[in-house]
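[1] This is a predicted model, with the sequence first.
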Amino acid sequence: MSVIIRDGKFHQDDWMASGGSFHDFDAMPLRPHDFELDHLGIDVPNSIDPNSLSGFVGEVSAIRIPFPSFADGRGFSIARVVRRMGFTGLLRAHGHIICEQYPLAVRAGFDEIEISDELARRQSEALWADALARINVTYLERLQAGMASAAA
Amino acid sequence: MYVYQEFDEAFVRERVRQFRGQVEKRVDGALSEDEFRPLRLMNGLYLQLHAYMLRIAIPYGSLDSAKMRQLAFLADKWDKGYGHFTTRQNIQFNWPQLTDVPDMLEALADVGMHSIQTSGNCVRNVTADHFAGAAADELEDPRATAELIRQWSTDHPEFQFLPRKFKIAITGSPNDRAVTRAHDIGIRMIENDAGETGFEIIVGGGLGRSPFEGKVLRDFLPKDHLLPYLEAVLQVYNLAGRRDNKFKARIKILLHEGGLEDFRERTEKAFEEIRARFERPAGEMIDAIAKWFEPPVFNNVQTHAFDKALDANPAFRSFVETNTDEHRNPAYAIVTVSLKPIGGTPGDATAQQMRVMADIAEEFGHDEIRVSHEQNLILPHIRKADLPVVYERLREAGLATANAGLISDIIACPGMDYCTLATARSIPIAQQIATRFDELKLEHEIGPLKIKISGCINACGHHHVGHIGILGLDKAGAESYQITLGGDATETFALGERTGPGFGADEIIPAIETIVSTYLDLRDSEEETFLEAFRRVGMTPFKEKLYPEGKSGEARNAA
């Protein structure tokens, strides 16, 4: 089983419970709208060139990106690229993400994180909530808004 | 110099608080050692041979007296009374206790310093020309740009878990003192035909076990595009860089395997998409930051003291000849303070010496100190009239060794005396070379000669770009030192060429002597430097003297 973390709290898998699904991206038909499912989610490998998702971001409702190891940061780039492409659906990180990375994941565009029960036992809900609280102090978002730290 | 704004202060304090929590989590088991490791590394904390080592960033190599005094305080309170300045404008303390580190970080935050991203697979401390803001040959002070890059790369959500570490260096001068061709990204400020300043972007340089000279990715990048362009380069690397083998994970391997053209195409595409994310042109932000790097108000009064001291004191004259460089203001000089006393450990400074530097900077140097990648300290703005007094003060503190750029001004990694990766000692070799040539009284006659020593193939001592490079290896349990000649870290960049088989620990000093005497014999005048002579005559004359028994090394290996 797994635990979903959203807004700093542990949750059940609401996406799956409400009839959602995740399909292997490589097995998807070339034109996604041929796939007749309301709650369509896709599992994309983190070795993907995210540009190849451009035809899908307007069609699918959820994208799940794997983190085989917390040290493998490709998922952060994929998340930012699909958000830049205009994807507004559910973006989920799945696998070995530790609570220290939670602020990065949210800032990269993830809505939620799916971790194993084992990891959830070692890193409590309180630790994840605490990690999320740090997000108000960030450089990049300020720079994107044109605010270098410079005022004399 | 840039002073932390409210935001920087809040950020650094928050990171200290986080790290305190991470140490606690590690102790109570919420974090495994595997998970704690990258977190401590992101805060510059390594586990070394004898103890933890804390690496503190000195962004673009700039310090003032308050920062320097605080480093002295750390050295006294939590280390053994000294610190070690590195080749990437950092300082390392080799003896802290894990539980003291949060307090050390708090003390650093008090003076606007930190150890964030000084290790780990992220964008490391951005380095810059150590003569920035003072050099006569400078187009523009690169430090405002470096500060903008520091802000951009710090805690960037996308680039904290890259395939491997990522190093950026920047220079504002045509004379490259920042080794831009051996960095993951090297940035050179240049002027285009329209007279605008922009950047030449060099990628994929690096030393280590597979050395590469960086290649020009963009010959002129307008200042305004800096951040989205850097972001594009990092994004392509983060997605495509190899993660299956840590020795092939640097961007230089991606470029080598996939080619420059392919990389450029992907970068330009990503750049076009990322541009819209930044609302304000980077040039405006650089200009805003540049207010903090405006030159000091110089005192142009010249006196006879300088000329009189030159005439009266040969030691002072020798110091001025070797350890000062031309300042943009003719009444001033740039002073290199050598951390290479004969027989000492390259890059080490005691707490007392740090305080002396702080005092001098405050009293005579417009409160500015720099750290060079050559492991020396720089007083960038010293009025020539004050130089005799400054020299005396340095001399009393053991800081007036007149050897900048000479044979005993050696870069050496910590080697087997401190480092878990090392396969041979480097510091003792540096000490022996310095001592030997001091005995021979040849140093000044030899002239400019850069020796760089690494204690393993990871090349932290930059041996590939030493005029004479020395690489210490382990050959069947014994130290063996390989020599390369002709390396060059500057704008005339070159990787050194191997002489042949290595030399044992007791043979390496005589081998260096042989190389130097060969050079002295064959140079066409006293003006021809070692590097120039090597470029003219090539390897053969050196090889013949180093391996007299025959053309190959087999005889040596068999012996």
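    Happy to help now that I have it.
[2] C-alpha only now, for contacts and for neighbours.
    OK.
[3] Give me the below-cutoff pLDDT ranges for chain A.
    Applying pLDDT under 70 to chain A flags residues A:29-37, A:151-152.
[4] Tell me where it has helices.
    Along chain A, counting by DSSP state H, helices occupy A:14-17, A:74-84, A:102-108, A:117-122, A:125-132, A:139-144.
[5] In CSV: these, plus distance to residue B:77 and mean neighbour count.
    Formatted as CSV, the helices of chain A follow (distance: least, C-alpha to C-alpha, whole Å; neighbours: other C-alpha atoms under 10 Å in any protein chain shown):
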stretch, distance to residue B:77, mean neighbour count
helix A:14-17, 53, 12
helix A:74-84, 40, 24
helix A:102-108, 34, 23
helix A:117-122, 35, 14
helix A:125-132, 31, 18
helix A:139-144, 32, 19
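[6] need those helices in TSV with distance to residue B:439, can you?
    Converted to TSV, the helices of chain A look like this (distance: least, C-alpha to C-alpha, whole Å):
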stretch	distance to residue B:439
helix A:14-17	78
helix A:74-84	56
helix A:102-108	57
helix A:117-122	62
helix A:125-132	60
helix A:139-144	54
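[7] Tabulate these (a markdown table), appending distance to chain B.
    Formatted as a markdown table, those follow (distance: least, C-alpha to the nearest C-alpha, whole Å):
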| stretch | distance to chain B |
| --- | --- |
| helix A:14-17 | 25 |
| helix A:74-84 | 5 |
| helix A:102-108 | 5 |
| helix A:117-122 | 5 |
| helix A:125-132 | 9 |
| helix A:139-144 | 4 |
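[8] wait, doesn't residue B:350 sit right on residue B:85?
    No. Taking contacts as C-alpha atoms under 8 Å, residue B:350 lies outside contact range of residue B:85: 10.8 Å.
[9] The two - which one has more neighbours?
    residue B:85 (26 against 18; other C-alpha atoms under 10 Å in any protein chain shown).
[10] Where does the residue lying closest to the more buried one once chain neighbours are set aside fall, secondary structure wise?
    Spatial nearest neighbour of residue B:85, excluding adjacent residues (C-alpha to C-alpha, 6 or more residues apart in numbering or on different chains): residue B:91 at 4.4 Å. For residue B:91, the enclosing helix or strand under DSSP states H and E is strand B:90-93.
[11] which helices and strands sit right next to that strand?
    strand B:52-57, strand B:82-85 (3 or more C-alpha pairs under 8 Å, 6 or more residues apart in numbering or on different chains; DSSP states H and E).
[12] and the following helix or strand past the longest one, what does it pack onto?
    Translated: strand B:52-57. The helix or strand immediately downstream of strand B:52-57 is strand B:62-63, counting by DSSP H and E. Contacts defined by 3+ C-alpha pairs under 8 Å, 6+ apart place strand B:62-63 against strand B:369-371.
[13] Contacts for the very next helix or strand once past the strand it packs on next, please.
    Remark: after strand B:369-371, the chain's next helix or strand is strand B:377-383, criterion DSSP H and E. Here strand B:377-383 makes contact (C-alpha atoms under 8 Å, 6 or more residues apart in numbering or on different chains) with B:130-131, B:134, B:299-300, B:327, B:331-339, B:361, B:364-366, B:368-372.
[14] gap between residue B:44 and residue B:58?
    Counting by C-alpha to C-alpha, to the nearest Å, the gap between residue B:44 and residue B:58 amounts to 12 Å.
[15] Revised request: answer the last question for residue A:62.
    44 Å.
[16] Then residue A:52?
    41 Å.
[17] What segments of chain A are strands?
    Listed in chain order, the strands of chain A (DSSP state E) span A:2-6, A:9-11, A:23-24, A:41-43, A:62-67, A:90-95, A:112-116.
[18] could those go into a markdown table alongside mean neighbour count and distance to residue B:393?
    A markdown table is the format used below for those (neighbours: other C-alpha atoms under 10 Å in any protein chain shown; distance: least, C-alpha to C-alpha, whole Å):
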| stretch | mean neighbour count | distance to residue B:393 |
| --- | --- | --- |
| strand A:2-6 | 20 | 61 |
| strand A:9-11 | 17 | 61 |
| strand A:23-24 | 14 | 71 |
| strand A:41-43 | 22 | 67 |
| strand A:62-67 | 23 | 57 |
| strand A:90-95 | 21 | 59 |
| strand A:112-116 | 22 | 60 |
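[19] so which of those comes closest to chain B?
    The closest of those to chain B is strand A:62-67. By C-alpha to the nearest C-alpha, the value is 11.2 Å.
[20] and the angle for the closest one with strand A:112-116?
    50 degrees (axes from the mean of the first three to the mean of the last three C-alpha atoms, to 10 degrees).
[21] can I get the CA coordinates of strand A:62-67 in PDB?
    Extracted in PDB, the C-alpha atoms of strand A:62-67 (Å, rounded to 0.1, in the frame of the first residue of the first chain):
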ATOM      1  CA  ALA A  62      -3.400  13.100 -14.200                       C
ATOM      2  CA  ILE A  63       0.300  12.400 -14.700                       C
ATOM      3  CA  ARG A  64       2.400  10.300 -12.400                       C
ATOM      4  CA  ILE A  65       6.200  10.600 -12.500                       C
ATOM      5  CA  PRO A  66       8.500   8.000 -10.700                       C
ATOM      6  CA  PHE A  67      11.400   8.700  -8.400                       C
END
